[in-house]
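**Student:** Dropping the sequence and predicted coords here.
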Amino acid sequence: MAIMRMWKAGISDDEGFTLLEFAIVIVILGIFLGLAYPRIQKQMAGDPLRESSTKLAEGIRRVRVFAISNGRLLRLRITLPRGELKVEATDAGGEWLEMSDSPIKKEALAEGVRLLKVRIRGDKDIDEGEAILNFLPSGETRGSLMYLAGGSDKVRTLIIHPFLNHVEIRDCRVSFQAS
C-alpha cells in the first residue's frame with residue numbers, strides 16, 4: 001500500500017524554495033524593477049549627445065536618399081560649432097538654393113552639444129565656419145568624419161561611408177581640444 005504524503009503551502013521538508021516563496025520573490029523583484037525602470041529610461045533618453053548624434057546621422061541618411069530618389073545633386077552645409085544644417089540644391093541655372101522641402105531639420109544638435117570638427121576626405125579639417133558635403137544623384141558622397149562633443153568630456157564620431165547609405169556612430173577614444 002502506497003503512502004500518500006500531504007503538502008501544506010509554505011512548508012517543505014526538502015531543501016529549497018516552495019512555489020509560494022518563489023512567487024513572493026518574483027513580485028518583490030517586479031516592484032523594484034517597476035520603480036527603477038523610469039529612472040533608467042530617463043537617463044538613457046536624456047543624453048543630449050546620443051540624441052544629437054543619432055538625429056544628425058539619420059538626417060544625413062535622409063539627404064542621401066532624397067538625392068537618389070529625386071536624381072538631384074544636393075549639398076549639406078554645416079555651420080560649426082553650432083551644427084546648423086542647410087540642405088541646398090541647384091536650380092535650372094546651376095545656382096545653389098536652400099531647399100524649402102529639406103529632408104533634414106536645421107537644428108540637429110541639442111542644447112549643450114557642439115560640432116567640434118568635420119573631416120571630409122581630401123580636404124583639411126574644419127573646426128569653425130562651414131563644411132560642405134555634396135551628394136551626387138547616385139547618393140555617392142565623400143567619406144567624412146564628424147566629431148560631436150557633449151557637456152562632459154564625451155566625444156562621439158559619425159563616420160559617413162562614401163558609397164553606402166550608412167552613417168556609423170562611435171564613441172571617440174581620442175581626446176582633442178576644440179579651437
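**Tutor:** Noted; the coordinates are in hand.
**Student:** For residue 77, which residues count as its bridge partners?
**Tutor:** residue 86, residue 132 (DSSP bridges).
**Student:** For it, grab the count of nearby residues.
**Tutor:** For residue 77, the neighbour count with other CB atoms under 10 Å is 15. All C-beta spots, glycine's among them, are computed from the backbone N, C-alpha and C.
**Student:** so where do the strands sit in this protein?
**Tutor:** 74-80, 84-90, 96-98, 114-120, 129-135, 144-149, 155-160, 167-171 (DSSP state E).
**Student:** Report the buried residues of stretch 124-142.
**Tutor:** Buried residues in stretch 124-142, defined by neighbour count with 16 or more other CB atoms under 10 Å: 126, 127, 131, 133, 135, 139, 141.
**Student:** Determine which two of the residues you listed are furthest apart.
**Tutor:** Comparing every pair within the buried residues of stretch 124-142 by CB to CB identifies 127 and 139 as the most remote, at 27.2 Å.
**Student:** one step back: to residue 64, which of the strands of the chain lies closest?
**Tutor:** In terms of CB to CB, the element of the strands of the chain nearest to residue 64 is strand 129-135, at 5.6 Å.
**Student:** can you list contacts of the closest one?
**Tutor:** Strand 129-135 has contacts (CB atoms under 8 Å, 6 or more residues apart in numbering) with 60, 63-64, 67, 73-80, 118, 120, 141-142, 144, 160.
**Student:** First-to-last residue distance for stretch 94-106?
**Tutor:** Start and end residues of stretch 94-106 are separated by 23 Å (CA to CA, to the nearest Å).
**Student:** and that stretch, average pLDDT?
**Tutor:** When pLDDT is averaged over stretch 94-106, the result is 82.
**Student:** again, but for stretch 50-62
**Tutor:** 88.
**Student:** List the buried residues of it.
**Tutor:** Result for stretch 50-62 [16+ other CB under 10 Å]: buried residues 50, 51, 52, 53, 54, 55, 56, 57, 59, 60, 61, 62.
**Student:** Stretch 80-94 too?
**Tutor:** Neighbour-count burial for stretch 80-94, counted by 16+ other CB under 10 Å, picks out 80, 81, 83, 84, 85, 86, 87, 88, 89.
**Student:** pretty sure the first one is touching residue 109, no?
**Tutor:** Same thing as residue 80. No. Using CB atoms under 8 Å, residue 80 makes no contact with residue 109, being 10.5 Å away.
**Student:** okay, and the common contacts of those two?
**Tutor:** Taking CB under 8 Å, 6+ apart as the contact rule, residue 80 and residue 109 both touch residue 115.
**Student:** which residues of the protein score low on pLDDT?
**Tutor:** Applying pLDDT under 70 to the chain flags the ranges 1-14, 42-45, 108, 151-152, 173-179.
**Student:** where along it do the helices fall?
**Tutor:** 19-45, 48-70 (DSSP state H).
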